[in-house]
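Peer 1: okay, structure incoming, though there's no sequence with it:
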Ligand SMILES: O=C(O)CC1=CCC(=O)O1
């Protein structure tokens, strides 16, 4: 685990097995989570890829910075982190708002990317009013007041059992995120719309949906894939919004297949 100061914000990051011969895969976490969501996926991919994970600003051990944020604030941090590590021509895998960060990174700095995995995400997620209501509810009652509702979209009912300690752990992860980091990123998602820019993406793209995803349902992810020429679309069965937690083997397998068949020469 390492830390770097970027744009006056301390960012926590981690890089696996830095073998210069391996392609770099950058994993970008979702709203209300931090880089630990990738824990079960890393061992399945790290023999063949150098993997960068980090905590977006306002999440995990990274600083808050000045909330609310825009997607560009998150993209500035990621560009700073890639520059710091001297990584370029990476494959990015962004989950949910992480996928929006990926879409905007491509728009701003396409030369940094050789491929994209847009996971449980879309060109536009949710209506402005929905995000404003969520921000107001969290400001009034804390993130915990929405925990059950949010978890019902993140995980299947099989996972959401009180006897499942992992379920409790991810509730803790959500509710322990800094309030303004969470609401600040809600504002970034609210204000983002990449409908016009994603048809211009000209690197290989894999769009991943979770069968039971209540936040970015399969038909929404499919509509993103339909906008991107030549993109692939895969559904992870038996998972919801966070398949890297609920179905890490299936998730790593579709990523591996895409990387080996469509990215690496
Ligand atoms: O918490 C949610 O509703 C799901 C979500 C939307 C954007 C994101 O990153 O997560």
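Peer 2: Thanks, I have the structure now. Nothing here was measured: the structure is a model prediction, and the numbers come from that model.
Peer 1: use CA for all of it now, contacts and neighbours both
Peer 2: Noted.
Peer 1: how about the closest residue to residue 248 other than its chain neighbours, phi and psi?
Peer 2: Of all residues not flanking residue 248 in the chain, residue 41 sits nearest, at 5.4 Å (C-alpha to C-alpha, 6 or more residues apart in numbering). Main-chain dihedrals, residue 41, degrees, to the nearest 10: phi -90, psi -30.
Peer 1: quick one: secondary structure of residue 64?
Peer 2: What DSSP: H, G, I helix; E, B strand; the rest coil gives for residue 64 is coil.
Peer 1: can you count the residues close to it?
Peer 2: Neighbour count for residue 64, taken as other C-alpha atoms under 10 Å: 22.
Peer 1: verify the stated contact: it with residue 11.
Peer 2: No - if you go by C-alpha atoms under 8 Å, residue 64 and residue 11 don't touch, sitting 9.5 Å apart.
Peer 1: who in the stretch 101-250 of the chain is up against the ligand?
Peer 2: 150, 215 (C-alpha under 6 Å from any ligand atom).
Peer 1: in the stretch 101-250 of the chain, what residue comes closest to the ligand?
Peer 2: In the stretch 101-250 of the chain, the residue that lies nearest the ligand is residue 215 (4.9 Å; C-alpha to the nearest ligand atom).
Peer 1: can you tell me the closest non-neighbouring residue to that residue?
Peer 2: Nearest to residue 215 is residue 153, by C-alpha to C-alpha, 6+ apart, at 5.5 Å.
Peer 1: so which helix or strand takes in that neighbour?
Peer 2: helix 147-154 (DSSP states H and E).
Peer 1: before we move on, back to that, against residue 244, how distant is the residue nearest to residue 248?
Peer 2: 6 Å (C-alpha to C-alpha, to the nearest Å).
Peer 1: anything in contact with each of those two?
Peer 2: 251, 252 (C-alpha atoms under 8 Å, 6 or more residues apart in numbering).
Peer 1: distance from the chain centre to stretch 206-222, please.
Peer 2: 13 Å (C-alpha atoms, centre = their mean, to the nearest Å).
Peer 1: thinking again about what came up before, the residue nearest to residue 215 is in contact with residue 211, isn't it?
Peer 2: No - at 11.2 Å, residue 153 does not count as touching residue 211 under the criterion of C-alpha under 8 Å.
Peer 1: any residues in contact with both of those two?
Peer 2: Taking C-alpha under 8 Å, 6+ apart as the criterion, residue 153 and residue 211 both touch residue 240.
Peer 1: mind listing what residue 62 touches?
Peer 2: Applying C-alpha under 8 Å, 6+ apart, we find residue 62 in contact with 9, 10, 11, 12, 55, 56.
Peer 1: now do 10 Å
Peer 2: Contacts for residue 62 were tallied using C-alpha atoms under 10 Å, 6 or more residues apart in numbering; they are 3-5, 9-13, 34, 54-56, 181.
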